[in-house]
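Chemist: Sequence and predicted structure, then a few things I'm wondering about:
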Amino acid sequence: MSKVRFAPSPTGYLHIGGARTCLFAWLYARHTAKGFVLRIEDTDMVRSKKEYLQEILESLQWLGLDWDDIEYQSERFDIYRDYANKLIEQGKAYKKDGAVFIKYDVQEVRINDLIRGEIVFQELPKQEDVIIKSDGSPTYNFCCVIDDSLMDIDPVVRGEDHISNTPKQILMYRAMDFKVPSFAHLPLIMAEGGGRMSKRFGATAISEYRKLGYLPEAIVNYLLLLGWSPGDDREIFSLKEASELFDIKRINKTSAAFSFDKLNWINGEYIRKMSLDELCERLLSFYAADNPEFHDCPMDYFKRVVELFHVRLVTLSEFMDKSRFCFCDDFVYNNNAAEVLDNKLSKEITLLIARLKDLTVFDKALVETVFRQVVDEAGIKTKFLVHPVRVALTGDKIGPGLFEMMEVLGKEKVLDRLTRLLKYWEVKNV
RNA sequence: GACCCCAUCGUCUAGCCUGGUCUAGGACAUCGCCCUUUCACGGCGACGACGCCGGUUCAAAUCCGGCUGGGGUCGCCA
């Protein structure tokens, strides 16, 4: 049975477009139970870098796109040279200036494309092409044809930018008496707001998205939606579900614009649907070495803090800023909270402190009961006491629910921070 | 310039192949309402598209042609 491949070139990082190409090729392979080959196109000895290869492999693993085989073109130069020599012997190629040129038997070329149907090229602009460069290394199109043929790749799944390469490749298949495979040319991804992906576009490398706090399953899910749909309204799938549902015929012909809004939504969906324990693990590994406070605090405390932000996170990276007040006491009151602090409720806060002090069990329900009693006695609206207390506890006017937050922070911290607010008002008074 | 690909709400899309069930469905974003101590989540609702012109047909988002628009490729890079 034929196989499917993804053929990255280690001359740069794995970018979002490459990841999507790989995803579709991978899904096709898994759906049809064909083998999936990772072919490293490292024929350009100058531009190919080990670190890029490393990064590409890590990114693919992170995304969950595994492969059955990996091949390196740099280890196959002998094969390419043999075919070049054979073509020379047959009079289909010739040497010039140290390079080897193939002569095309120019004719109409038809591509059988699984996504677009038949594509017809009337004529080719060139009659010949280099297959072995003057430095002895083989060219892309030549290697590609030989490897796709020898590795029994069918269909050839790749980006739309390769459509124009296909006619000359088909002529090469014919020159070497190879069976011509079918192709599946994927539409390209465009930058947000249209235009090419490369220009004026922030994050392109997959590793970048990882650093930004995106989950691999969310990225994969989003990429899948960018150009494919199951035909109904479902939008959230795991890789496993996707490989079962996948149908290459349902890939769109139109290039799709990338949207951070949608990616963010999907990422948030995955975070929300994740169990609390799972989210804790993800956060701990995301903040691995840089944030010892997360690892040093009691796991139980960490978990309860995470719970406060579970439905409030879009990316993992937001956790640090949002939860800062849970791990340190030295925060300052945010400027946007100034308005809330204008109204000095020293008397009410003092009363609240006194009542909270009496609590022996500092849980959400009891805290709320006490809080509402104070509000009643003071004869003010709940929200007028809630807002300044939140600022006192977190430094910000927006944040998690007040009472669950108080329970998590604990009596001591709550009382300290309320007292701190009283002092703040005192100082301001002078 | 040449060759090729594409064309449904702002964005991602369903529908198109096998014309009528489409006063075009869903999602994101936006806006409003509800929930509510803020934010978020959740619920409800609003806004919003078949690029244009012809043709075929009793009937076209769906088929055909042209135009326009967008994209890709024209390297001894991959």
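Modeler: Thanks, I have the structure now.

Chemist: List, one by one, the residues from the stretch 301-430 of chain A near RNA strand B.
Modeler: A:311-312, A:368, A:382-383, A:386-387, A:390, A:397-403 (CB under 7 Å from any atom of the strand). In short, each C-beta sits where N, CA and C put it, glycine included.

Chemist: Using ChimeraX, define a selection of the buried residues within those residues.
Modeler: The following ChimeraX command selects only the buried members of these, with burial defined by 16 or more other CB atoms under 10 Å:
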select /A:312,368,386,387,390,397,399,400,402,403
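
Chemist: where are the low-confidence patches of chain A?
Modeler: Applying pLDDT under 70 to chain A picks out residues A:125, A:198-203, A:430.

Chemist: Strands of that one, residue ranges please.
Modeler: Taking DSSP state E as the test, the strands found in chain A are A:3-6, A:35-40, A:69-72, A:93-96, A:99-103, A:109-113, A:117-121, A:128-132, A:156-159, A:183-186, A:189-190, A:256-257.

Chemist: How about the second one and RNA strand B, touching?
Modeler: No: judged by CB under 7 Å from any atom of the strand, strand A:35-40 stays clear of RNA strand B, getting no closer than 8.5 Å.

Chemist: mind listing what that strand pairs with, with the direction of each?
Modeler: strand A:3-6 (parallel), strand A:69-72 (parallel) (DSSP bridges).

Chemist: quick one: buried residues of the last one?
Modeler: The one in question is strand A:69-72. In strand A:69-72, counting by 16+ other CB under 10 Å, buried: A:E71.

Chemist: Can that strand be said to contact RNA strand B?
Modeler: No: Strand A:69-72 lies out of reach of RNA strand B by CB under 7 Å from any atom of the strand, never closer than 11.1 Å.

Chemist: Might one say that A:A19 is in contact with A:W62?
Modeler: No: using CB atoms under 8 Å, A:A19 is not in contact with A:W62, being 9.9 Å away.

Chemist: Which parts of the stretch 201-350 of chain A are helices?
Modeler: A:206-211, A:216-225, A:239-245, A:260-273, A:276-286, A:292-296, A:299-309, A:318-327, A:338-342, A:346-358 (DSSP state H, counting those that start in this stretch).

Chemist: Need the winner for burial among the ones you listed.
Modeler: helix A:216-225 (a mean of 22; mean count of other CB atoms under 10 Å).

Chemist: rewinding a little: just put the strands of chain A in JSON lines and tack on distance to A:W26.
Modeler: Shown next, in JSON lines, are the strands of chain A (distance: least, CB to CB, whole Å):
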{"stretch": "strand A:3-6", "distance to A:W26": "7"}
{"stretch": "strand A:35-40", "distance to A:W26": "6"}
{"stretch": "strand A:69-72", "distance to A:W26": "13"}
{"stretch": "strand A:93-96", "distance to A:W26": "35"}
{"stretch": "strand A:99-103", "distance to A:W26": "32"}
{"stretch": "strand A:109-113", "distance to A:W26": "19"}
{"stretch": "strand A:117-121", "distance to A:W26": "24"}
{"stretch": "strand A:128-132", "distance to A:W26": "30"}
{"stretch": "strand A:156-159", "distance to A:W26": "9"}
{"stretch": "strand A:183-186", "distance to A:W26": "12"}
{"stretch": "strand A:189-190", "distance to A:W26": "17"}
{"stretch": "strand A:256-257", "distance to A:W26": "19"}
